[in-house]
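# structure for this input, please:
(chains A, B, C and D)
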Protein chains: 2
Amino acid sequence: MGRNLSFNEKETLVKVANIFREKGYEATTVKDLEKATGLTSGSLYNSFGGKEVLFDIAISFYNNNIVRNRISTFLDQAEDPLVGLKDLFHSLLNEPDGRENGCLLTNTAVEFNNRRRHITQELDTGFSLLEAAFKRQIIRCAEKGKISKPPSPQLTATRLLIFYQGILVLVRAGLRRKEIDQIVNDEIDLILGRLS
Amino acid sequence: MGRNLSFNEKETLVKVANIFREKGYEATTVKDLEKATGLTSGSLYNSFGGKEVLFDIAISFYNNNIVRNRISTFLDQAEDPLVGLKDLFHSLLNEPDGRENGCLLTNTAVEFNNRRRHITQELDTGFSLLEAAFKRQIIRCAEKGKISKPPSPQLTATRLLIFYQGILVLVRAGLRRKEIDQIVNDEIDLILGRLS
DNA sequence: AAAATTTTAGATTGTTTGTTTTAAAATGAA
DNA sequence: TTCATTTTAAAACAAACAATCTAAAATTTT
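Predicted coordinates:
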């Protein structure tokens, strides 16, 4: 009964997540959201709720789709686990659309000084997703003889997470792209204690 | 002629920089600035200009005072350069006031997607200040025989900068403090290729 | 086709925002 | 003291904002 939504929810959430990623929560206006999605505020409020709720949904969507997808593509599905890992890091420096918007998780972690608990929790989820994937990848690398098994794959994974976040800060500011590109391979080899 | 300012400019700028560091640019209201400084908007506008100008001044002040001071205290004046370097990193995890506000440069780099050119430039200045200090410290460490001289102190310094920024992201979100505290020493030893 | 229900677009609301203005108080120079 | 100038505090302003409401259009179900 009643008509159906004329837009695809998933596609819309991609657009919403992207505009929040570009501008951050505070700087994004409802008008921005209208322009980005092609919908009017009425539709947005009807389907999702206010700006705040929409942001929560976008973060969750980002974790369960964008992040998971990146992990799957670059890490889990990679033939050579070490190459896949490096490719993931290099991909941060060359965003598809040529922009330098970084990562929604990173940007949000910095913007919201863990003021809102449930956001911090969702960020933790996303970071843990990455960290766990790094850990799996480290173990795979060791199994394939690419590296010697590190004493604590867990801590090594956290190191990679820190490195990952650090890159995203500089990328976001548009700074030191060339140097970072140069450093990525070495740093990963170093952290993983690559056999040379 | 005319009366003098009743407040200390430097003290005020410290407070301004701190509130911007805590809340970010967009989320900070003029009312916040009034509360933080104890001045009214009239006084602020008279002495400094609007919110935007005040932010520019705060960033510049932060570079030339807070950042330089930290570099001087932890790095240049350190007896043992390696210990000083590690202390600097550990200090990120234990802010004086018990908060977790991170670094104004990091927070701003992430909030302003290099939309405003002169801000990005000022950020670059601050990052370069850190990077250069890291480089000096690396060379001092090598001279003192703490480490073997790395092939490129410049790139090694950039690595440390990335690591530094990465920590600040997680600190800001209030995440993984214990693990990071554990990792800092190892990572610095690793990056610097410490003699063991 | 008719009825029921939902989406949609645009106008509107009340609030918050950054900024300016005003007048009084304070202070330095003549 | 007197005058000139600045700071100060509080009110006032206009713009931007998130959010809601309204009526019309659309589309599914009966």
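# isn't A:Leu104 up against A:Ile19?
No - applying Cβ atoms under 8 Å as the test, A:Leu104 and A:Ile19 come out as separate, 10.3 Å apart. For the C-beta atoms, the positions are set from N, CA and C on the backbone; glycine is no exception.
# these two: who's more crowded?
Remark: of A:Leu104 and A:Ile19, A:Leu104 carries more neighbours, 25 against 20, as counted by other Cβ atoms under 10 Å in any protein chain shown.
# check which helix or strand the closest residue in space to that one that isn't next to it in sequence maps to.
Using Cβ to Cβ, 6 or more residues apart in numbering or on different chains and skipping residues adjacent in sequence, the residue nearest A:Leu104 is A:Arg21, 4.3 Å away. Assigned by DSSP states H and E, A:Arg21 falls within helix A:9-23.
# ok, the helix or strand just after that helix near DNA strand C or not?
Next helix or strand after helix A:9-23 toward the C-terminus (DSSP H and E): helix A:30-37. No - contact of helix A:30-37 with DNA strand C is not found when judged by Cβ under 7 Å from any atom of the strand; the minimum separation is 8.7 Å.
# compute the inter-axis angle for helix A:30-37 and helix A:9-23.
Per axes from the mean of the first three to the mean of the last three Cα atoms, to 10 degrees, the angle that helix A:30-37 makes with helix A:9-23 is 130 degrees.
# center of chain A - which residue?
Centrality entry for chain A: nearest residue to the mean C-alpha point is A:Cys103, 4.5 Å, by Cα atoms, centre = their mean.
# and stretch A:88-103, how far out from the chain middle?
The gap between the average C-alpha position of stretch A:88-103 and the chain average comes to 10 Å, counting by Cα atoms, centre = their mean, to the nearest Å.
# would you mind writing the CA trace of it as PDB?
As requested, the backbone C-alpha atoms of stretch A:88-103 are provided in PDB (Å, rounded to 0.1, in the frame of the first residue of the first chain):
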ATOM      1  CA  LEU A  88      45.700  -1.300   0.400                       C
ATOM      2  CA  PHE A  89      48.000   1.300   1.800                       C
ATOM      3  CA  HIS A  90      48.900   2.700  -1.500                       C
ATOM      4  CA  SER A  91      45.200   3.000  -2.400                       C
ATOM      5  CA  LEU A  92      44.900   5.600   0.300                       C
ATOM      6  CA  LEU A  93      47.100   7.900  -1.700                       C
ATOM      7  CA  ASN A  94      45.100   7.600  -4.900                       C
ATOM      8  CA  GLU A  95      41.400   7.900  -4.200                       C
ATOM      9  CA  PRO A  96      39.100   6.900  -7.100                       C
ATOM     10  CA  ASP A  97      37.700  10.400  -7.700                       C
ATOM     11  CA  GLY A  98      41.000  12.100  -7.500                       C
ATOM     12  CA  ARG A  99      40.000  13.800  -4.200                       C
ATOM     13  CA  GLU A 100      41.700  13.500  -0.900                       C
ATOM     14  CA  ASN A 101      38.900  12.900   1.500                       C
ATOM     15  CA  GLY A 102      40.500  10.200   3.600                       C
ATOM     16  CA  CYS A 103      38.500   7.900   5.700                       C
END
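# report how many residues lie close to the residue nearest to the residue nearest to the centre of chain A when sequence neighbours are not counted.
Counting by Cβ to Cβ, 6+ apart, A:Cys103 lies nearest to A:Leu168, which is 5.1 Å off, once chain neighbours are set aside. Look at A:Leu168: counted by other Cβ under 10 Å, it has 26 neighbours.
# is it true that A:Leu168 touches A:Gly102?
Yes - under the criterion of Cβ under 8 Å, A:Leu168 lies in contact with A:Gly102, with a separation of 4.6 Å.
# please identify every residue contacting each of these two.
In terms of Cβ atoms under 8 Å, 6 or more residues apart in numbering or on different chains, A:Leu168 and A:Gly102 are both contacted by the residues A:Leu92.
# quick one on the thing from earlier: gap between the residue nearest to the centre of chain A and DNA strand D?
When Cβ to the nearest atom of the strand, to the nearest Å is the yardstick, A:Cys103 and DNA strand D sit 22 Å from each other.
# ok, that residue - contacts?
Residues counted as contacts of A:Cys103 (Cβ under 8 Å, 6+ apart) are A:Arg21, A:Leu92, A:Leu168.
# model confidence score at it, please.
The model reports A:Cys103 with a pLDDT of 98.
# sorry, back to before: do any residues in the helix holding A:Arg21 lie close to DNA strand D?
No - on the criterion Cβ under 7 Å from any atom of the strand, helix A:9-23 is out of touch with DNA strand D, staying 10.0 Å away.
# longest helix in chain A, please.
helix A:117-143 (DSSP state H).
# quick check: next helix or strand after it?
Reading on from helix A:117-143 to the C-terminus, the next helix or strand found by DSSP H and E is helix A:153-172.
# just the angle for whatever helix or strand A:Asp87 lives in relative to helix A:117-143, thanks.
Secondary structure assignment for A:Asp87, by DSSP H and E: helix A:81-91. For helix A:81-91 and helix A:117-143, the angle between their directions (the same axes, to 10 degrees) works out to 140 degrees.
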